[in-house]
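S.K.: This is the structure alone, sequence omitted:
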């Protein structure tokens, strides 16, 4: 019985973690990023000072921001419309893509 | 008459330049000390919910000002950010933004 529980556990952990890993796909994020590039620049390094540079930003912060725009917790008409059209998988892939680009850093004290 | 108009125009420009004083990086470094408590630590985390505090070095100055105003005005909600920007003047925001928009190199 214990062995059965162990193997069920191992299999379920494998399936769950495999699913989570499969959800992050930088190449798919790059594909989806064409719409973002219009304002945020080709790889997230925007040249227009009103639009933030998102290249190199933390992936989990980008995810947090996109979800907040999507649910209107953060209010910005353009971002609400753009993020509203994204699935959670799109958001995760876009965040993976932009966070992998060279750009923002943490300011040194 | 033309001279009077030119004079008035010049005076108007002078007024507007005093309203929009140039952003001062050094003043921003001092005013921005508290910001570094979170934004100056590599990979520092926000909690409840947990995610990394955003990187700001190299960000556009105008965008940083817009973000601070959004927190102050309630367009973005984050208790800590509201607490830190609610008392800032436009000049403070300009200075702090100028400081953070510097590249980390």
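M.R.: Okay, I see it. Keep in mind that what you see is a predicted model, and the values were worked out from it rather than measured.
S.K.: tell me which element the residue nearest the centre of chain B falls in.
M.R.: The centre of chain B sits closest to residue B:93, judged by CA atoms, centre = their mean, with a distance of 2.8 Å. Using DSSP states H and E, the element containing residue B:93 is helix B:90-100.
S.K.: Let's test this: mean pLDDT of that helix, rounded?
M.R.: Averaged over helix B:90-100, pLDDT sits at 97.
S.K.: Now do it: which elements does it pack against?
M.R.: helix B:25-31, helix B:61-73 (3 or more CB pairs under 8 Å, 6 or more residues apart in numbering or on different chains; DSSP states H and E). C-beta here means a position set from N, CA and C on the backbone, and glycine is covered the same way.
S.K.: Tell me the buried residues in it?
M.R.: Of all the residues in helix B:90-100, those buried under the rule 16 or more other CB atoms under 10 Å in any protein chain shown are B:91-100.
S.K.: where does chain A have low pLDDT?
M.R.: For chain A, the stretches with pLDDT under 70 are A:1, A:6-23.
S.K.: Which helix or which strand is home to residue 37?
M.R.: Let's take chain A. Here residue A:37 is assigned to helix A:34-40, by DSSP H and E.
S.K.: my bad, chain B
M.R.: Per DSSP H and E: helix B:36-39 holds residue B:37.
S.K.: Point out the other elements, helices or strands, that the following helix or strand past that helix touches.
M.R.: Following helix B:36-39 in sequence order, the next helix or strand is strand B:45-46 (DSSP H and E). In this structure, strand B:45-46 makes packing contacts with strand B:51-52, judged by 3+ CB pairs under 8 Å, 6+ apart.
S.K.: Pairing partners for the strand it packs on, with directions?
M.R.: strand B:45-46 (antiparallel) (DSSP bridges).
S.K.: Chain A versus residue B:96, what's the distance?
M.R.: 11 Å (CB to the nearest CB, to the nearest Å).
S.K.: give the contact list for that residue.
M.R.: Taking CB atoms under 8 Å, 6 or more residues apart in numbering or on different chains, we find residue B:96 in contact with B:28, B:31-32, B:35, B:64, B:68, B:88.
S.K.: Just flag the most distant two among those.
M.R.: In the contacts of residue B:96, two members sit farther apart than any others by CB to CB. They are B:31 and B:64, at 12.7 Å.
S.K.: more crowded one of those two?
M.R.: Using other CB atoms under 10 Å in any protein chain shown as the criterion, residue B:31 and residue B:64 rank with residue B:64 on top: 21 against 18.
S.K.: how much space between the residue nearest to the more buried one when sequence neighbours are not counted and residue B:24?
M.R.: The spatial neighbour of residue B:64 that comes closest, neighbours along the chain excluded (CB to CB, 6 or more residues apart in numbering or on different chains), is residue B:97 at 3.7 Å. Residue B:97 is 11 Å from residue B:24, where distance means CB to CB, to the nearest Å.
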